[in-house]
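Participant: A structural model of the following input is requested.
(chains A and B)
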Amino acid sequence: MKRDLMEILCCPMCKGDLVLEVTEENEKEIVKGTLFCGKCNEYYPIDDGIPNMLPPELRE
Amino acid sequence: MRKKHLEILLEQVCGFSSPKPSKEQYSTPATVAAELLHYAFMKGDIADTVYDLGCGCGILAIGAKLLGAEKVIGFDDDRDALEIARANAQKLGADVEFVCSSINEVRGKAHSVVMNPPFGAQVKGSDRPFLRKALELSSVVYSIHNAGSAEFIKKFISPSVITEHILIDFPIKRTFRFHTREVQVIKAEIFRIEKR
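Facilitator: Residues are numbered from 1 along each chain as shown, chains lettered A, B, ... in the order given. Sure thing, here's the model as predicted:
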């Protein structure tokens, strides 16, 4: 995902803002990282450039 | 780009590796995707930002990008399908973003939404959240439904309106065990909906 995707991402539970932490980034996009919701104390993973915004119980 | 050329490109898009019946995960055929996208393009609706809701393996999103949309995002709640979608986009050189999300949680604003929602054959009414969300996000929606859905859709989307609908052949390849034929062609309709 590109950084500007942050504009439309929010915590699926509380709809609050997320904090981006990048583990791996190339010239095009963020490949790996996490999105953290401080209010819910929940992490949403970014893997292979795809942010997973499903609440934890819906992730496979 | 001519419709046939787009169709040939979209033939390269791979489908689901393990389709889930409850989500009606059969792939949108390249013929159908090209028909919808070319039509939308001619109407000037493949411009600016385009969203694909329930994008699955990404065929509509990728096609929209190939036709020159500035920014395209595909949303689906199936992480496995999105991985295939991403590989498809890379293969075709289409710069598309994919987000794993429940359809109800999608945010943002798009000029148009292109989508092939579940027809509601397995879970009745499963196309409704897609229509509702699409109209919340954008001013123009292109959506594929069973032929004969016009009356239902008209009521459901009111005060928004159907401006056009085109009858098409929708070939469904044998995807699930309960499908009895190799390819079954059903009648479907592409709807263009304007938000009011």
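Participant: all strands for chain A, in order.
Facilitator: Assigned by DSSP state E, chain A shows strands spanning A:19-25, A:30-37, A:42-47, A:50-51.
Participant: contacting residues around the second one?
Facilitator: Read it as strand A:30-37. Strand A:30-37 is touched from outside by A:1-3, A:9, A:11, A:13-14, A:16-25, A:42-49, A:51, A:53, with contacts defined as C-beta atoms under 8 Å, 6 or more residues apart in numbering or on different chains. No exception for glycine: its C-beta is placed from N, CA and C like everyone else's.
Participant: what's the answer for stretch B:43-54, then?
Facilitator: For stretch B:43-54, the external contacting residues (C-beta under 8 Å, 6+ apart) are B:37, B:40, B:58, B:60-61, B:64-65, B:67-76, B:103, B:106, B:108-118, B:130, B:133-134, B:137-138, B:140, B:142, B:192.
Participant: start to end distance for it?
Facilitator: 23 Å (C-alpha to C-alpha, to the nearest Å).
Participant: again with stretch B:5-25
Facilitator: 25 Å.
Participant: Distance from the chain centre to it, please.
Facilitator: Counting by C-alpha atoms, centre = their mean, to the nearest Å, stretch B:5-25 is centred 11 Å from the centre of its parent chain.
Participant: Around chain A, pick out the residues from chain B.
Facilitator: Chain B comes close to chain A at residues B:73, B:77, B:79-80, B:82-83, B:86, B:97-102, B:105-108, as judged by C-beta under 8 Å from any C-beta of the partner chain.
Participant: who's sitting farthest from the centroid in chain A?
Facilitator: residue A:27 (18.7 Å; C-alpha atoms, centre = their mean).
Participant: Could you check how far that one is from chain B?
Facilitator: With distances defined as C-beta to the nearest C-beta, to the nearest Å, the gap from residue A:27 to chain B amounts to 13 Å.
Participant: Could you pull up phi and psi at that residue?
Facilitator: The main-chain torsion angles of residue A:27 are listed as degrees, to the nearest 10 and equal phi -70, psi -20.
Participant: Identify the residues contacting it.
Facilitator: If a contact means C-beta under 8 Å, 6+ apart, then residue A:27 has no contacts.
Participant: Buried members of the contacts of strand A:30-37 into ChimeraX, please.
Facilitator: Remark: buried members of these, expressed as a ChimeraX selection using 16 or more other C-beta atoms under 10 Å in any protein chain shown:
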select /A:1,9,11,18,20,42,44,45,46,47,49,51,53
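Participant: check the contacts of strand A:30-37 against chain B, which are close?
Facilitator: A:1-2, A:9, A:48-49, A:51, A:53.
Participant: Now the two most distant members of those.
Facilitator: Based on C-beta to C-beta, the longest span within those runs between A:9 and A:48 and measures 16.4 Å.
Participant: Alright, I will stop here.
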